[in-house]
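Visitor: Here is my input; please provide its structure:
(one chain, ligands or ions: 2)
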Amino acid sequence: MLENAKKITVIGGGIWGQTLANLARLNHLAVRVWSRHTGEDLGAIIADTEVIISAVSIKGVVPTIEKLQQLQLNSPTIIVTATKGLEPITTRTPFHLWNQAFPANPLVVLSGPNLAKEINQGLPAATVVASYQQKAAILLQKLLSGESFRVYLNSDPLGTELGGTLKNVMAIASGVCDGLQLGTNAKSALLTRALPEIVRVGTCLGGCQETFFGLSGLGDLLATCNSPLSRNYQVGYQLALGLSLPEILGKLEGTAEGINTTEVLMRIAQEKNLYVPITCQVERLLRGEISPQVAVYELMRRDLKSEFD
Ligand SMILES: NC(=O)C1=CN([C@@H]2O[C@H](COP(=O)(O)OP(=O)(O)OC[C@H]3O[C@@H](n4cnc5c(N)ncnc54)[C@H](O)[C@@H]3O)[C@@H](O)[C@H]2O)C=CC1
Ligand SMILES: O=C(CO)COP(=O)(O)O
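Guide: Ligands and ions are numbered 1, 2, ... in the order given. Next comes the predicted model:
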């Protein structure tokens, strides 16, 4: 049995929280899943926990942090954040929020091309655990790795987190591209131009450039932008089919973080004067200001430029 003394609490009973808990259980670890709906006493659950994995959606991060602040959290307890989103009021990432609230606890970001449904089927997948505290990341690597789940280390938690967060906006655009049946050339152009847009924002917010070319950046961009299993992709795809956003969200299973991320990212881009043409069109589309066809037209008719400017 691997690291059998470790007790893990997963906060968030959505599909990603359940999936991460299952991965730990495959390694015979003692795992409990807590969600706001279970009614269980979180204080009692975390009393002997050595690793807390937060897999709540972005709107749950601040409430979860506030709840844990009222409880006794031991300083050696490792906190892992698996959320892919930007907090709307502060525009901060979950890593910043957790770090600010619990500066004495080792903090690890987990992110990668990880469509939960595929992992639950036992299909092979890889992910990244990133931390400034290498020992904590190495421990997480051991706790979650298995025959079908390969965990890589990274020392850039912010870049790792931002890759997974920013690609959700691009997944909406990619869904539009496929929904409109724009073809392989268009899709290739979109994903290739999406990457420098992610790098521009991600490095400005503190991530390392090379991280965005790794699993949590390019890897997750490819997974999410190519899979109908992605909720963000589904949002774009169904908008392209003519459904309204409320109609789509009414039927969507779980959270499409890219909707909130687009709005927050536009605010960041305006404040920091960042060029984010794809995000800009996705935002106008989500607001109902333009049709999917106009979004494509607007992207194509921009001023001509050099590829690497
Ligand atoms: N589903 C997937 O394949 C993957 C999802 N993620 C990320 O993990 C996060 C969770 O995703 P899912 O489990 O798919 O979403 P979900 O929508 O299925 O679950 C969200 C969870 O957050 C909790 N939550 C929401 N608001 C809350 C609040 N105010 N207070 C406390 N808890 C609250 C819900 O109770 C639920 O347990 C998202 O940020 C997502 O981007 C990351 C990798 C893969
Ligand atoms: O982040 C994900 C895959 O890595 C999940 O994508 P969705 O949130 O779009 O379903």
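Visitor: Check the closest residue to ligand 1 within the chain and give its pLDDT.
Guide: Using Cβ to the nearest ligand atom, the single residue of the chain nearest to ligand 1 is Gly14, 2.0 Å away. Yep, even glycine has a C-beta here, placed from its N, CA and C like the rest. If you check Gly14, the pLDDT there is 98.
Visitor: Name the residues of the protein found near ligand 1, please.
Guide: 12-17, 35-36, 55-60, 63-64, 82-85, 114-116, 254-255, 257 (Cβ under 6 Å from any ligand atom).
Visitor: all strands of the stretch 101-250 of the chain, in order?
Guide: 107-111, 125-130, 149-154 (DSSP state E, counting those that start in this stretch).
Visitor: Would you format these as TSV with distance to ligand 2, mean neighbour count and mean pLDDT included?
Guide: TSV is the format used below for these (distance: least, Cβ to the nearest ligand atom, whole Å; neighbours: other Cβ atoms under 10 Å; pLDDT from 0 to 100):
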stretch	distance to ligand 2	mean neighbour count	mean pLDDT
strand 107-111	8	28	99
strand 125-130	9	25	99
strand 149-154	13	19	98
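Visitor: Now render those strands as CSV, adding distance to Thr261.
Guide: Below are the strands of the stretch 101-250 of the chain laid out as CSV (distance: least, Cβ to Cβ, whole Å):
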stretch, distance to Thr261
strand 107-111, 14
strand 125-130, 19
strand 149-154, 21
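Visitor: of those strands, which approaches Ala189 most closely?
Guide: Closest to Ala189 of the strands of the stretch 101-250 of the chain, according to Cβ to Cβ: strand 107-111, at 25.4 Å.
Visitor: Kindly list the main-chain dihedrals of Thr81?
Guide: phi -110, psi 130 (degrees, to the nearest 10).
Visitor: what's the distance between it and ligand 2?
Guide: 13 Å (Cβ to the nearest ligand atom, to the nearest Å).
Visitor: Quick check: bridge partners of that residue?
Guide: Ser54, Val109 (DSSP bridges).
Visitor: That one: what's it in contact with?
Guide: With contact set as Cβ atoms under 8 Å, 6 or more residues apart in numbering, Thr81 has these partners: Ser54, Val61, Pro94, Phe95, Trp98, Leu107, Val108, Val109, Leu110, Glu161.
Visitor: Stretch 185-204 vs ligand 2: in contact?
Guide: No: shown here: stretch 185-204 not in contact with ligand 2 (Cβ under 6 Å from any ligand atom), separated by at least 13.7 Å.
Visitor: got the contact list for that stretch?
Guide: Counting by Cβ under 8 Å, 6+ apart, 159, 162-163, 166-167, 170, 173-174, 177-178, 209, 211-213, 217-218, 221-222, 225, 265, 268-269, 272, 274-279, 296, 308 sit against stretch 185-204.
Visitor: Show me what counts as buried in that stretch.
Guide: When burial is assessed from 16 or more other Cβ atoms under 10 Å, stretch 185-204 yields the following buried residues: 186-187, 190-191, 194-195, 197-203.
Visitor: ok, back up a step: narrow the contacts of stretch 185-204 to those that are buried.
Guide: By 16+ other Cβ under 10 Å, those give 159, 162-163, 166-167, 170, 173-174, 177-178, 211-212, 217-218, 221-222, 225, 265, 268-269, 274, 276, 278-279, 296 as buried.
Visitor: Go through the contacts of stretch 185-204 and flag which are in helices.
Guide: Among the contacts of stretch 185-204, the residues falling in helices (DSSP state H) are 159, 162-163, 166-167, 170, 173-174, 177-178, 221-222, 225, 265, 268-269, 272, 277-279, 296.
Visitor: which bits of the stretch 201-309 of the chain sit near ligand 2?
Guide: Near ligand 2, when you scan the stretch 201-309 of the chain using Cβ under 6 Å from any ligand atom, you find Asp220, Ala223, Thr224, Ser230, Arg231, Asn232, Glu257.
Visitor: now that we have the residues you listed, which one has the most neighbours?
Guide: When those are compared by neighbour count (other Cβ atoms under 10 Å), Asp220 ends up highest, at 31 neighbours.
Visitor: what about the closest residue to that one other than its chain neighbours, how many neighbours?
Guide: Distance criterion Cβ to Cβ, 6 or more residues apart in numbering; nearest residue to Asp220, sequence neighbours excluded, is Pro113 at 4.6 Å. Pro113 is flanked by 24 other residues according to other Cβ under 10 Å.
Visitor: Asn260 now?
Guide: 19.
Visitor: Which residues are in contact with it?
Guide: Ile58, Lys59, Gly85, Leu86, Pro88.
Visitor: Going through these, which ones are buried?
Guide: Ile58, Gly85, Leu86.
Visitor: so the first one sits right up against Glu257, yeah?
Guide: What that stands for is Ile58. Yes: between Ile58 and Glu257 a contact is recorded at 5.9 Å, counting by Cβ atoms under 8 Å.
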